[in-house]
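In: Structural data only, the sequence is not supplied:
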Ligand SMILES: NC(=O)c1ccc[n+]([C@@H]2O[C@H](COP(=O)([O-])OP(=O)(O)OC[C@H]3O[C@@H](n4cnc5c(N)ncnc54)[C@H](O)[C@@H]3O)[C@@H](O)[C@H]2O)c1
Ligand SMILES: O=P([O-])([O-])O[C@@H]1[C@@H](O)[C@H](O)[C@@H](O)[C@H](O)[C@@H]1O
């Protein structure tokens with residue numbers, strides 16, 4: 001079994017490098033706040049919250065006029081306070097993202113400082129919502145001062161310093177050499193983590209050449225036998241996960257796909273349309289079952305949450321149905337790291353300001369191996385889809401600016417430019433109609449250091465997916481029998497992860513929200529509800545009504 005980057009399991013709830021207390025039993029939530037409410041109960045093991053969820057139901061009267069009726073739904077939430085020792089297994093561990101996130105966690109755990117041209121730099125988790133952002137807890141009544149807390153503090157979450165890291169790659173290069181190949185991090189930092197990362201070698205993986213660009217073949221020297229889906233591949237990956245758990249004494253493993261972008265799999269009735277057909281198709285070695293779907297099936301059967309950081313349609317209908325059947329968690333698709341993240345904020349601003357966006361042109365000049373893989377048309381097509389769908393909900397929500405079916409022109413171009421390496425250039429032009437025939441043109445030149453932007457998202461996705469495995473809910477009426485109703489987990493498709501993803505996967509039949517602000521609000525307010533706090537409101541009536 002390949003060694004991994006075991007981090008000292010210190011306090012799973014630290015604010016920085018763990019104190020290396022080598023505790024094997026994870027700590028419970030020693031958060032900096034408690035909620036003082038009759039609706040919130042803290043026990044040694046759980047936080048129990050009685051929550052009233054307030055929405056508005058809208059219907060149309062016979063004259064076509066909307067009738068809005070406020071609704072209240074009562075929920076009980078239960079949070080397991082025990083922070084487990086958690087493993088993060090990456091598919092594509094030897095890639096730019098995989099090596100960068102591994103080095104970053106090691107550097108944070110050890111509190112490393114390294115020299116750069118601009119002077120010394122200290123390890124940090126900038127770009128992680130969980131580790132680098134805050135949320136409003138409330139207001140001090142006397143001073144009316146807003147009190148904000150670290151996002152990581154709102155619920156008892158795993159600390160990234162305590163993650164045990166492993167994974168698979170079709171390239172057998174050890175993580176130190178792969179980190180050099182990636183050419184992302186400063187030599188002075190690489191030097192300090194080289195020894196540990198030399199010991200880390202990705203597990204062999206499955207490789208079905210038709211799904212990624214032919215130009216990736218020269219890396220494929222660390223393979224499991226077989227070039228198409230089969231039960232043996234599913235069972236080998238499941239065994240790898242079990243071995244990783246037992247050999248590292250971790251309670252839970254979260255798996256993420258940060259391997260190459262695959263071409264879309266054809267959706268074939270009788271092959272990948274249902275859970276049973278997908279399992280049969282794997283048994284028969286059907287060539288439309290991709291490596292990422294095989295990993296998804298293995299993780300679902302192994303009850304390891306699986307997140308797809310790439311744009312391909314890993315979660316064919318049969319995979320979603322399988323996850324639902326097993327109550328396993330899945331999430332995706334495609335990390336939202338730079339150009340699209342900016343787009344999902346800027347488009348939200350323009351349209352909600354009543355400015356009629358009429359065209360978006362997005363160019364990418366990308367020089368890393370991801371760019372090399374994306375230089376192949378079928379792999380680019382997967383990315384073009386995920387990068388183009390990000391404005392749909394915001395446009396459709398504004399029927400004042402846009403007629404039904406009307407939307408801005410939107411083009412996405414990605415050019416492989418080896419010279420720029422991982423420092424992708426995103427060139428965007430936003431063109432809009434403004435008051436009385438005027439126009440606004442916004443031109444952006446955005447150097448996205450791709451892996452340094454994606455790595456914190458990988459960390460957030462692991463921490464949040466793991467946290468979701470420890471949150472349960474039940475609907476509550478005022479009747480006594482409701483108190484004995486069974487608690488259950490959230491739906492298998494973790495749409496709560498959408499803030500980190502370009503093309504959010506949602507439970508079948510539910511809407512896709514791409515607005516960055518709405519995505520963050522959903523994440524924040526669901527976690528607040530779990531400790532009995534109302535949704536973040538910026539009404540600040542206390543500052544207006546006196
Ligand atoms: N900002 C970002 O970096 C960003 C943003 C969004 C999405 N993504 C996606 O994340 C993925 C990784 O990006 P990257 O820059 O690290 O790419 P990369 O090419 O450096 O790394 C991908 C790794 O996957 C490995 N691989 C390919 N097929 C595999 C398989 N079947 N099993 C195991 N390993 C396999 C490759 O050998 C390589 O080491 C890409 O799909 C990319 O589109 C990246
Ligand atoms: O997240 P984002 O910056 O919009 O999108 C990025 C693309 O612009 C880029 O071509 C590719 O490097 C990354 O995989 C990522 O998908």
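Out: Received it, and whenever you're ready, just let me know what you need. Just so we're clear, the structure is a prediction, and the values are computed from it rather than from any experiment. Ligands and ions are numbered 1, 2, ... in the order given.

In: drop to CA atoms for contacts and neighbour counts, all remaining ones
Out: Fine.

In: ok, and the closest non-adjacent residue to the residue most central in space within the chain?
Out: A centroid search over the chain (CA atoms, centre = their mean) returns residue 461, at 3.8 Å, as the residue closest to the centre. Ranked by CA to CA, 6 or more residues apart in numbering and with sequence neighbours excluded, the top spatial neighbour of residue 461 is residue 497, at 6.8 Å.

In: Residues contacting the helix or strand containing the residue nearest to the centre of the chain from elsewhere in the structure, which ones?
Out: Secondary structure here is read from DSSP states H and E; on that basis residue 461 sits in helix 450-468. Residues lying outside helix 450-468 but in contact with it, judged by CA atoms under 8 Å, 6 or more residues apart in numbering, are 88, 96-98, 100-101, 125-131, 156-160, 184, 254-256, 305, 307, 329, 335-338, 422-424, 489-490, 494, 497, 500.

In: coming back round to it: show me the contacts for the residue nearest to residue 461.
Out: The neighbours of residue 497, taking CA under 8 Å, 6+ apart as the test, are 331, 332, 461, 464, 465, 504, 523.

In: Give me the local confidence score for residue 12.
Out: The predicted local distance difference test score for residue 12 is 27.

In: Quick check: bridge partners of the closest residue to residue 339 other than its chain neighbours?
Out: With sequence-adjacent residues excluded and distances taken as CA to CA, 6+ apart, residue 339 is closest to residue 426, at 6.0 Å. Following DSSP bridges, residue 426 is listed with bridge partners residue 364, residue 446.

In: Please apply the same query to residue 431.
Out: Here residue 431 sits in beta bridges with residue 359, residue 441, as judged by DSSP bridges.

In: residues near it, how many?
Out: Residues lying near residue 431 (other CA atoms under 10 Å) number 20.

In: Check the gap between residue 31 and ligand 1 for me.
Out: Note on residue 31: its distance to ligand 1, by CA to the nearest ligand atom, to the nearest Å, is 32 Å.

In: so how many other residues sit close to that residue?
Out: When counting by other CA under 10 Å, one arrives at 15 neighbours for residue 31.

In: Likewise for residue 145?
Out: Counted with other CA under 10 Å, residues neighbouring residue 145 total 10.

In: quick revisit: what about burial for the contacts of helix 450-468, which qualify?
Out: Buried positions within the contacts of helix 450-468, assessed by neighbour count (16 or more other CA atoms under 10 Å), are 88, 96-98, 100-101, 125, 127-131, 156-160, 184, 254-256, 305, 307, 329, 335-338, 422-424, 489-490, 494, 497, 500.

In: So which of the residues you listed are in strands?
Out: With strands defined by DSSP state E, the entries of the buried ones among the contacts of helix 450-468 inside them are 88, 254, 255, 256, 307, 423, 424.

In: residue contacts, the last one?
Out: Right, the one you point to is residue 424. Residue 424 makes contact with 364, 365, 366, 367, 447, 448, 449, 450 under the criterion CA under 8 Å, 6+ apart.

In: Can you report phi and psi for the fourth one?
Out: In this entry, residue 367 is assigned phi and psi values of phi -120, psi 10 (degrees, to the nearest 10).

In: tell me the contacts of it?
Out: For residue 367, the contact set (CA under 8 Å, 6+ apart) comprises 416, 417, 418, 419, 420, 421, 422, 423, 424.

In: The third one: what's it in contact with?
Out: With contact taken as CA under 8 Å, 6+ apart, residue 418 is in contact with 366, 367, 368, 372.

In: one more time with 6 Å, if that's ok
Out: Contact analysis of residue 418 by CA atoms under 6 Å, 6 or more residues apart in numbering lists residue 367.

In: cool, and the fourth one?
Out: Going by CA under 6 Å, 6+ apart, residue 419 touches residue 367.

In: With the first one instead?
Out: Counting by CA under 6 Å, 6+ apart, residue 416 touches 365, 366, 367, 371, 372, 375.

In: Not including adjacent chain positions, what is the nearest residue to the second one?
Out: Excluding the flanking residues, the one nearest residue 366 by CA to CA, 6+ apart is residue 424, at 4.6 Å.

In: From ligand 2, how far off is the one you found?
Out: For residue 424, the distance to ligand 2 equals 6 Å [CA to the nearest ligand atom].

In: Also residue 156?
Out: Applying CA to the nearest ligand atom, the value for residue 156 to ligand 2 is 29 Å.

In: Name the nearest residue to residue 345, sequence neighbours excluded.
Out: What sits nearest to residue 345 in space, not counting adjacent residues and going by CA to CA, 6+ apart, is residue 516, at 5.4 Å.

In: isn't that neighbour right up against residue 346?
Out: No. Here residue 516 lies out of contact with residue 346, judged by CA atoms under 6 Å, at a distance of 9.1 Å.

In: Same drill for these two, tell me which one is more crowded.
Out: For residue 516 versus residue 346, neighbours defined as other CA under 10 Å are more numerous around residue 516 (24 against 17).

In: Other residues contacting stretch 270-289?
Out: Residues outside stretch 270-289 that contact it (CA under 6 Å, 6+ apart): 228, 229, 230, 231, 265, 317, 318, 321, 322.

In: buried sites along it?
Out: Of the residues in stretch 270-289, those with enough neighbours to count as buried (16+ other CA under 10 Å) are 271-275, 277-282, 285-289.

In: Among those, which lie within helices?
Out: Using DSSP state H to define helices, the subset of those located there is 275, 277, 278, 279, 280, 281, 282.

In: pLDDT for these - can I get that in TSV?
Out: Below are these laid out as TSV (pLDDT from 0 to 100):
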residue	pLDDT
275	98
277	98
278	98
279	98
280	98
281	98
282	98
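
In: among these, which are in reach of ligand 1?
Out: Counting by CA under 6 Å from any ligand atom, nothing from these sits close to ligand 1.

In: can you tell me which of the residues you listed lies nearest to residue 115?
Out: Set against residue 115, the nearest of those by CA to CA is residue 282 (50.3 Å).

In: if I look at that closest one, how far off is ligand 2?
Out: Counting by CA to the nearest ligand atom, the separation of residue 282 from ligand 2 is 28 Å.

In: ditto for residue 293
Out: Between residue 293 and ligand 2 the distance is 19 Å, computed by CA to the nearest ligand atom.

In: Next: residue 343.
Out: Computed as CA to the nearest ligand atom, the residue 343 to ligand 2 distance reads 8 Å.

In: again with residue 320
Out: Going from residue 320 to ligand 2 by CA to the nearest ligand atom gives 23 Å.

In: ok but that residue is inside a helix, no?
Out: Yes. Read with DSSP: H, G, I helix; E, B strand; the rest coil, residue 320 is one of the residues of a helix.

In: What is the neighbour count of it?
Out: When counting by other CA under 10 Å, one arrives at 26 neighbours for residue 320.
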